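# Predicted model and sequence follow; I will ask about them next.
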Amino acid sequence: MSNLTRHLFVALSNNNFLNRSAQKWGFRFGAEQFVAGTNVETVLKSVKRLNDKGMSATVDNLGEFVTERHISLEAKERIIHLIKEIDRQSLDCHLSIKLTQLGLDIDKSFCFENVNEIASVAQAHNVFINIDTEDYAHLEETIDILEQLLQTYDNVGTVIQAYLYRAEEIMDRLQNTRLRIVKGAYNEDESIAYQDKADIDANFIHLIKKRLKGHAFTSIATHDHHVINEVKQFVHDEEIDLNSFEFQMLYGFRTDMQKQLAKDGYHFCTYIPFGEDWYGYFMRRLAERPQNLNLIIKDKFYTKDDKLKKCPIIATSLIAASALYFVCKKRK
Ligand code: FDA
């Protein structure tokens with residue numbers, strides 16, 4: 001994947017105007033391929049379907065970089081409602097939350113109060129809370145909040161981004177905490193993060209192997225079959241307990257591989273995003289793999305025998321969005 005395409009989609013994911021417009025227009029870009037609807041009832045039906053196939057789930061109430069208190073408070077209430085429903089319906093499911101949705105850009109103590117309430121309700125309902133890691137500018141405060149929560153709760157954890165030079169240091173600091181390890185999804189400067197895919201992959205594998213050799217529970221979150229195969233071999237050779245880790249993938253990606261891993265006896269968890277605020281998430285998925293656009297175009301606009309159903313609105317929209325972005329940028 002060219003760095004240029006990646007930078008373009010990540011830049012588009014941060015564009016406020018496009019984000020607001022996307023919310024207004026609804027799911028017209030084909031996002032439903034990767035986002036399980038807009039309400040709690042729909043997403044919990046998806047969780048139930050996965051549980052019936054022997055897979056667990058982590059649910060993400062989409063939304064990030066919030067600057068208005070009432071939006072953070074509404075998100076908190078929706079997350080608390082989800083926790084209670086997960087318990088009431090006895091689902092095998094935890095939550096993934098983003099601190100910038102819960103007010104980190106508004107005021108750190110306001111954000112802490114929100115997350116603290118979520119963690120407390122979740123502990124009472126025996127639900128685990130994962131704090132997703134976002135861009136590097138928010139990392140220090142995210143770790144601070146997590147460490148404060150860990151003084152009271154044992155049902156919270158976070159994500160280690162292997163592209164960061166500091167990844168290993170942070171992972172070691174949190175060795176008794178449940179962690180998810182990923183490659184990393186944001187555009188970060190070369191002063192703080194590896195830029196080269198080979199370096200990121202090598203650090204990713206290194207961190208996974210180190211972590212699997214006896215620490216708290218680990219989620220290995222990737223769609224990369226090279227990494228998955230290497231982990232499977234390592235786990236076999238080192239006789240690692242299969243209960244000490246799980247594989248995770250995003251909803252709508254490599255579904256056959258997801259089912260196969262679960263069938264082969266590995267713990268498997270699908271990350272399911274839902275909600276109106278899908279645009280930033282969706283653009284990051286295109287940044288990681290522009291071929292995802294083909295999946296959507298094929299699914300939405302072609303019949304099973306490969307005939308065109310409708311004109312490719314997505315492609316047109318994205319081209320228009322890109323052009324608009326550059327025009328707006330030039331004006332600044
Ligand atoms: P990558 O995109 O590097 O692909 C490697 C290779 O795998 C490709 O070249 C191709 O061969 C194959 N491949 C990948 N996708 C494929 C597909 N759909 N079909 C066929 N082949 C495919 N990031 C972050 O910064 N903070 C976070 O909190 C999270 N959380 C998170 C949770 C979960 C469950 C996942 C899966 C990912 C995240 N991420 C994340 C995103 C993560 O950092 C990363 O950007 C993406 O997972 C993309 O990297 P991969 O490891 O999947 O493979």
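It's in. A quick note: this is a predicted structure, and the numbers were derived from the prediction, not measured. Numbering: from 1, shown residues only.

# Which parts of this protein are strands?
Taking DSSP state E as the test, the strands found in the chain are 56-61, 93-97, 129-131, 156-161, 179-182, 218-221, 245-250, 268-274.

# what does the chain put close to the ligand?
Within the chain, the positions lying close to the ligand (Cβ under 6 Å from any ligand atom) are 132-133, 159, 161, 182-186, 221-224, 248-250, 253-254, 271, 288-289. For glycine as for every other residue, the C-beta is placed from the backbone atoms N, C-alpha and C.

# ChimeraX command to pick out the buried ones of these?
The ChimeraX command for the buried members of those (criterion: 16 or more other Cβ atoms under 10 Å) is given here:
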select :132,133,159,161,182,183,184,185,186,221,222,223,248,249,250,253,254,271,288,289
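
# tell me the contacts of Ile79?
By Cβ atoms under 8 Å, 6 or more residues apart in numbering, Ile79 lies in contact with 61, 95, 97, 118.

# ok so, going back, tabulate the strands of the chain in CSV, adding columns for mean pLDDT.
Shown next, in CSV, are the strands of the chain (pLDDT from 0 to 100):
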stretch, mean pLDDT
strand 56-61, 98
strand 93-97, 98
strand 129-131, 98
strand 156-161, 98
strand 179-182, 98
strand 218-221, 98
strand 245-250, 97
strand 268-274, 96
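
# Rebuild these as CSV, extending it with distance to Ile205.
CSV is the format used below for the strands of the chain (distance: least, Cβ to Cβ, whole Å):
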stretch, distance to Ile205
strand 56-61, 23
strand 93-97, 23
strand 129-131, 22
strand 156-161, 13
strand 179-182, 10
strand 218-221, 10
strand 245-250, 14
strand 268-274, 19
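
# Val59 contacts Lys45, doesn't it?
No. With contact defined as Cβ atoms under 8 Å, Val59 does not reach Lys45; the gap is 11.6 Å.

# More neighbours: those two, which one.
Each of Val59 and Lys45 has its neighbours counted (other Cβ atoms under 10 Å); Val59 has more, 28 against 11.

# Skip the chain neighbours and tell me the closest residue to the more buried one.
Distance criterion Cβ to Cβ, 6 or more residues apart in numbering; nearest residue to Val59, sequence neighbours excluded, is Ile272 at 5.2 Å.

# thought the one you found was touching Asp60?
Yes. Taking contacts as Cβ under 8 Å, Ile272 lies within contact range of Asp60: 6.9 Å.

# Wait, Ala57 touches Asp92, no?
Yes. Contact criterion Cβ under 8 Å: Ala57 and Asp92 qualify, at 7.2 Å.

# Find the residues that touch each one of these two.
Common neighbours of Ala57 and Asp92 (Cβ under 8 Å, 6+ apart) are 47, 51.

# Compare the two and say which one has the larger neighbour count.
Shown here are Ala57 and Asp92; by other Cβ under 10 Å, Ala57 has more neighbours (27 against 14).

# Check the gap between that one and the ligand for me.
10 Å (Cβ to the nearest ligand atom, to the nearest Å).

# What residues does that residue make contact with?
Taking Cβ under 8 Å, 6+ apart as the test, what Ala57 contacts is 46-47, 50-51, 91-94, 269-272.

# again, 10 Å this time
36, 43-44, 46-51, 86, 91-96, 248, 251, 268-272 (Cβ atoms under 10 Å, 6 or more residues apart in numbering).

# that older thread, burial count for the residue nearest to Val59?
When neighbours are counted by other Cβ under 10 Å, Ile272 comes out with 23.
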